[in-house]
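Participant: Show me how the following folds:
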Amino acid sequence: MSDVPMTQAPVLFQELATIDGHAVGVAQLNAPKSVNALSLDMIRLLDRQLRAWQENPAIACVVLHGAGEKAFCAGGDVRSLYRAIQEQGASATNAAALAFFSEEYRLDYRIHTFGKPVIVWASGIVMGGGMGLMAGASHRIVTETSRIAMPEITIGLFPDVGGSGFLRRMPARTGLFVALTAASLNAADAKAAALADHFLAVSQFDAMCQRLQSARWQSEAERDRAMVSEILSTLAASAKVPLPVSNLQRHAAVIDAMCAGADLAEIVGRIRQCDSADEWLQRAAKSLAAGSPTTAALIWELRQRASSLSLADVFRMELTVAMQCCAHPDFPEGVRALLIEKDGKPRWTPARLEDVSTSWVAGHFIEPDWPSGHHPLHDLA
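Facilitator: Purely as a prediction, here's the structure:
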């Protein structure tokens, strides 16, 4: 696997023959210079190939990983979204933004519902859109280099790609804390939070592929998934690198205390006023203090609404909110400050959480007049 020649294609595909006549489909995000940030071209290539592999009885399972050593996927290509908003105008029906978000969420949903084992090798940086690809996989692998985060509060968006659901399922209120603070999670955190299933060493990628090629596949989803789990568990047992200490577990009591209650302002206040000498907690508090107040309010509201929604409805809700973020000021302003002009001084609207009104938040949940006449994800089951 390490000898695959690099090409200019943003996603590379291989089919590795198995000993029983099947094949393992391998997809590699191939944009290492941009830490494999997910572009619309990448989304379309991946979705098309996954559909073909789903329909091909010879494909036994799918492996998804990233080129280079730095990242699996550092998120969506928000610079392109910023340019689209500047060129086409701030609108909840911005054509480029609608194509990106709707097709990204459709791809994520496909992974969640894929009828064969999907293995995501989440080594290195995994943020935002990368978490969307990872969350729905049947087998999610982290390594000693994994650094996972949902940092959308820093750019005025919100933890999307299904995050309204999977962050809510994290233990206690750790998901709320991670969403509000953009806290970076290591491999142990990911396992403790049920965001990952197996811990392997970076050096075991080739061995994993070889084991998959040596397996005897049943062409029956549950049995094949169980076999993959056994293969990965065996490899994990032989990993020669230690699992790092989990910050989420180490600070569980502090996080629970800070995030307790039913008042967002109080929770935000407690996190921002955290006086711990721990560097990880300090960074989390600073990220929240510098982040978008509107995003904080959206995180809270999305968390409440997602509690009673199906996966498909979570994606439909998030698409509406994502498009409204394109029509509101904080998303383009956050991208400008962090990634375009890089002055690190976003001018949030409103600037304080106490000035974010109920009506302002509610406006982000109003469905636009979809160009097609119906919700672009209406057909998700």
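
Participant: Helices of the stretch 251-381 of the chain, residue ranges please.
Facilitator: Under the criterion DSSP state H, counting those that start in this stretch, the stretch 251-381 of the chain carries helices at the ranges 252-258, 264-272, 279-290, 293-306, 311-327, 330-335, 358-363.

Participant: Could you identify which of the ones you listed is most buried?
Facilitator: Of the helices of the stretch 251-381 of the chain, the one with the most neighbours on average (mean count of other CB atoms under 10 Å) is helix 330-335, at a mean of 24. All C-beta atoms are positioned from the backbone trio N, CA, C, and that covers glycine.

Participant: Which strands and helices lie in contact with it?
Facilitator: helix 78-88 (3 or more CB pairs under 8 Å, 6 or more residues apart in numbering; DSSP states H and E).

Participant: The helix or strand just after the helix it packs on packs against which elements?
Facilitator: Going down the chain from helix 78-88, the next helix or strand is helix 95-112, by DSSP states H and E. Of the remaining helices and strands, those touching helix 95-112 by 3+ CB pairs under 8 Å, 6+ apart are helix 40-55, helix 78-88, helix 129-135, helix 311-327.

Participant: Tell me which of the ones you listed lies nearest to V335.
Facilitator: helix 78-88 (4.2 Å; CB to CB).

Participant: for G25, helix, strand, or coil?
Facilitator: strand (DSSP: H, G, I helix; E, B strand; the rest coil).

Participant: so what's it up against?
Facilitator: Contacts for G25 (CB atoms under 8 Å, 6 or more residues apart in numbering) come out as 13-15, 49, 53, 59, 61-63.

Participant: Just confirm I148 contacts A192, I think it does.
Facilitator: No: applying CB atoms under 8 Å as the test, I148 and A192 come out as separate, 11.7 Å apart.

Participant: A306 and E318: what is the separation?
Facilitator: Counting by CB to CB, to the nearest Å, the gap from A306 to E318 is 9 Å.

Participant: who touches both of the two?
Facilitator: S164.

Participant: Which pLDDT value belongs to S2?
Facilitator: On pLDDT, S2 comes in at 42.

Participant: closest one to G124 among the helices of the stretch 251-381 of the chain?
Facilitator: helix 279-290 (18.8 Å).

Participant: can you give me the angle that closest one makes with helix 264-272?
Facilitator: 140 degrees (axes from the mean of the first three to the mean of the last three CA atoms, to 10 degrees).

Participant: how about the helices of the stretch 251-381 of the chain, which one is nearest F205?
Facilitator: Distance to F205, taken as CB to CB, is lowest for helix 279-290 among these, at 27.8 Å.

Participant: so what's G75 up against?
Facilitator: Contacts of G75 were listed using CB under 8 Å, 6+ apart, and they are 37-38, 127-130, 151.

Participant: do A23 as well
Facilitator: With CB under 8 Å, 6+ apart, A23 has these contacts: 15-17, 58-60.

Participant: now E55
Facilitator: Shown in contact with E55 (CB under 8 Å, 6+ apart): no residues.

Participant: Now do the same contact list for the residue nearest to the spatial centre of the chain.
Facilitator: The residue lying closest to the centre of the chain (CA atoms, centre = their mean) is M131, at 1.9 Å. The neighbours of M131, taking CB under 8 Å, 6+ apart as the test, are 148, 150, 161, 163, 166, 195.

Participant: Looking at those, which are in strands?
Facilitator: Assignment to strands by DSSP state E places the following of the contacts of M131 there: I148.

Participant: circling back to that earlier point, more neighbours, I148 and A192?
Facilitator: Higher neighbour count among I148 and A192: I148, with 25 against 20, using other CB atoms under 10 Å.

Participant: partner residues bridging the more buried one?
Facilitator: V126, L185 (DSSP bridges).

Participant: any idea how far it is from G334?
Facilitator: Look at I148 and G334: by CB to CB, they are 20 Å apart.

Participant: quick one: which of the contacts of A23 has the most company?
Facilitator: A60 (27 neighbours).

Participant: and that one, backbone torsions?
Facilitator: The phi and psi values for A60, taken as degrees, to the nearest 10, are phi -90, psi -40.

Participant: Pretty sure it sits against A221.
Facilitator: No: counting by CB under 8 Å, A60 sits too far from A221 to count as a contact (10.4 Å).

Participant: Report the set of residues contacting both of the two.
Facilitator: 116-117.

Participant: Run a quick neighbour tally on S164.
Facilitator: Around S164 there are 27 other residues, counting by other CB under 10 Å.

Participant: So what's the residue count around the closest residue to P10 other than its chain neighbours?
Facilitator: Counting by CB to CB, 6 or more residues apart in numbering, P10 lies nearest to M42, which is 4.7 Å off, once chain neighbours are set aside. The local packing of M42 (other CB under 10 Å) involves 25 other residues.

Participant: Enumerate every residue touching V26.
Facilitator: Per CB under 8 Å, 6+ apart, neighbours of V26: 1, 13-16, 62-65, 209.

Participant: switch to 10 Å and redo it
Facilitator: The contact partners of V26, by CB atoms under 10 Å, 6 or more residues apart in numbering, come to 1, 4, 12-16, 61-65, 119, 121, 209, 212.

Participant: Report the buried members of those residues.
Facilitator: The neighbour-count test (16 or more other CB atoms under 10 Å) marks 12-13, 16, 61-65, 119, 121, 209, 212 as buried among the contacts of V26.

Participant: what's the closest of those to T181?
Facilitator: W121 (26.4 Å).

Participant: Quick check, that closest one in contact with M134.
Facilitator: Yes: using CB atoms under 10 Å, W121 is in contact with M134, at 9.4 Å.

Participant: Kindly provide the distance from F72 to R140.
Facilitator: In this view, F72 and R140 are 10 Å apart by CB to CB.
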